[in-house]
Structure formats: C-alpha cells, structure tokens
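K.L.:
Let me see the structure of the following:
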Amino acid sequence: MEILTPSQLKEKYDDDWITPYEEIITITDEKEEKIELIEYHPCPIGSDWMITQYKQTSPLILDAKRDGNKHTYIVKNDKVELTLKPSYQAAGISEAQIDGDEIKIVHTGLAGAGVGAAFCRGKAKGVKRVEIYEKGGGSKVGKAAVITPKYKKVIIGLDDTDIPTEGATWTLANNVANEIQNEKGYRYLEHITCQLFPDNPNKTKNCVSIILVFAVKEDEVEDLITLMREKLHEKTLSDSTAFVVYDKFDIPEDIEKYAIEAKQSMKSLEEAQKLAEENNIRVEYVTGKGGLIGALAALGLYNQPEEYAKVYGRNKD
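P.N.:
Presented below is the predicted three-dimensional model:
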C-alpha cells in the first residue's frame, strides 16, 4: 500500500492520463449511518457514466445524481465486496467508514475508472491523503481509499427579507452565504429558490423562500448560525425575517407535507410554530416571526427537487 498526500501525489504522478477532480467533500449527521459524498468532476458537464456505473455496481450507494460537474452520492456507512464487470459494473464504492473526524471512501474500478479511484480523486482540493491498494490503468483494477475531513450538513430555510418597493430574498441570501464562505471558509454548497402559494395576499411579488446549505465542522455550527442571524439582521429590509436550521439528512414527513400544502394554500404562523417545535427544528427570529411560514416550507422541500419550482394555484392572467 502507498499512502500519499495530494501534494505528494501531484509530485510523483503527472501522467497525461490523470485528470484531477476539483474538490471532494464528505458529510454526515449525528446518526452517522449515511455519508454524503460530493465530488466536483474535472470535466465541464461531469459524468453520467460515473453516476450510472456507481449505482449499478455498489449496494452501498443509496442514491446518486449529477448536477453539472457536481456528483453527489448518498452512501451507507459499511463495507462490501464488489463484483466488477466491464461496461456493466465497472466501478463503485466498496467501503465507506467514519473514523473520528475523518471519512474514508474506498473506490474500486476497471481501466479508466480505476485510475480515477486514486490518481484523479487524490489530487482534489479537500483530500487529506489517499491509500493506494492497486494502481489500475489499462485493463487493470484500480483500488484506493480517499480520506477527507468529516463535515456536518447545515440546512437553512429562510424567508421575508424584502419589501414591496425594494429588495430580493434570493439575492440577499446568496450574498450573505458567499460572505460567510469568504470570511470564515464555511463551505457554501447549495442555494435553492422555492416557489410557494402564488395567490398569497401577503407576498411581496413572486412568493418564494430560500434554502441555503453549508458543510461545516461540528464546532463551527453555532458560529455559522450566529453569523447568519447577524448578517440578515444588518441587511434585511423586512420586519418579519426568520430562518430555520436543520442538520439531519432526512426531513420529517410532516414537514414535507406542510411544504407541499404551503405551495397550494395559505398557512398560519401558529401551525408553523407548532410543527417546528414538534420536530425539534431550530427557529431563529431575526426581525420578526412571519418569515417562519416560508422558511419552514423551504426546509420541507429540500429533498423534493421536483417540487422546488412547481407552481400551484390559480393563473389569473
């Protein structure tokens, strides 16, 4: 076995057939039963081939998707033996383990997928080191462990920062998230605009709320929340700004149900407060309470991408 840091790997191996991944991030929650592996592929549109092969090959993979060059895998914290078959089951994850503040993902693949297992991934930003078991290339099997820091996912749903005459919640949320990333290094992963009930008489105009997602170390969570609260308080134009915080992979079913209802009808502050309390969802009132309704709905939509932008209600035009 050969153990190398990214800088050592770059110095020792600079062959033309090695294309480094851009960045690799590994995330878990308090249960540590599942790992979210995020890989930024080196090619402009990423690789649907990789997503398909990994899902077909590895029983550890619960879900996999591509969004541009961002590959996301939800992986069981476990270990299996893989059966590789050219073209049909050419690559996959054979082990995913959490060890203290590190996460180890073992990739196994044939030919080019084997090269990617160690050499391409090992040079990525975010990697601490690689353990190369088999080098791969040509028709050979490649197998390697990629070791990365353990991060925690923090999902923030927020709403109500603008007023009828000025402002835009989606832009303010994005700017605040980028400021936090630039100032503190907390990794800003996702920004999602969620369409809510279009016939809401209290809306500013389009009636949307926002999801922001970060990856941070365990001891950075409180600082992230404090920064979010302070920056929103400084920049918001509304007296009803609020956000919610959630740090688990699975959104409660009744929150998902509430979110769909919030796309189709009016919801009350009392219902939102009750649901948040029952599901132990942290609520932060920045300048008021009204924003909780949309913030909670945004959280409920997080694992329902087919619903983000869908419009319900009456079209009056």
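K.L.:
could you give me the average pLDDT of the helix or strand hosting residue 53?
P.N.:
Assigning secondary structure by DSSP states H and E places residue 53 in helix 48-57. Across helix 48-57, pLDDT averages out at 95.
K.L.:
swap in stretch 230-248?
P.N.:
The pLDDT scores in stretch 230-248 average 96.
K.L.:
on that earlier part again, show me which parts of the helix or strand just after the helix holding residue 53 are buried, residue by residue.
P.N.:
Tracing the chain C-terminally past helix 48-57 and defining elements by DSSP H and E, one meets strand 61-67 next. Buried residues in strand 61-67, counted by 16 or more other C-beta atoms under 10 Å: 61, 64, 66. Glycine gets a C-beta too; all of them are placed from N, C-alpha and C.
K.L.:
Quick check: of the residues you listed, which lies closest to residue 81?
P.N.:
Closest approach to residue 81 among these (C-beta to C-beta): residue 61, at 14.7 Å.
K.L.:
Run through the residues that contact the closest one.
P.N.:
Residue 61 makes contacts with 54, 55, 73, 74, 75, 76, 92, 93, as judged by C-beta atoms under 8 Å, 6 or more residues apart in numbering.
K.L.:
Could you pick out which of those are located in helices?
P.N.:
Secondary structure from DSSP state H places 54, 55 of those in helices.
K.L.:
I'd like the contacts of residue 61 laid out as JSON lines, including neighbour count and distance to residue 141.
P.N.:
Formatted as JSON lines, the contacts of residue 61 follow (neighbours: other C-beta atoms under 10 Å; distance: C-beta to C-beta, whole Å):
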{"residue": "54", "neighbour count": "25", "distance to residue 141": "15"}
{"residue": "55", "neighbour count": "16", "distance to residue 141": "19"}
{"residue": "73", "neighbour count": "25", "distance to residue 141": "20"}
{"residue": "74", "neighbour count": "16", "distance to residue 141": "25"}
{"residue": "75", "neighbour count": "23", "distance to residue 141": "20"}
{"residue": "76", "neighbour count": "16", "distance to residue 141": "22"}
{"residue": "92", "neighbour count": "26", "distance to residue 141": "12"}
{"residue": "93", "neighbour count": "28", "distance to residue 141": "14"}
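K.L.:
quick check, nearest of the contacts of residue 61 to residue 264?
P.N.:
Once C-beta to C-beta is applied, the member of the contacts of residue 61 that ends up nearest residue 264 is residue 74, at 28.6 Å.
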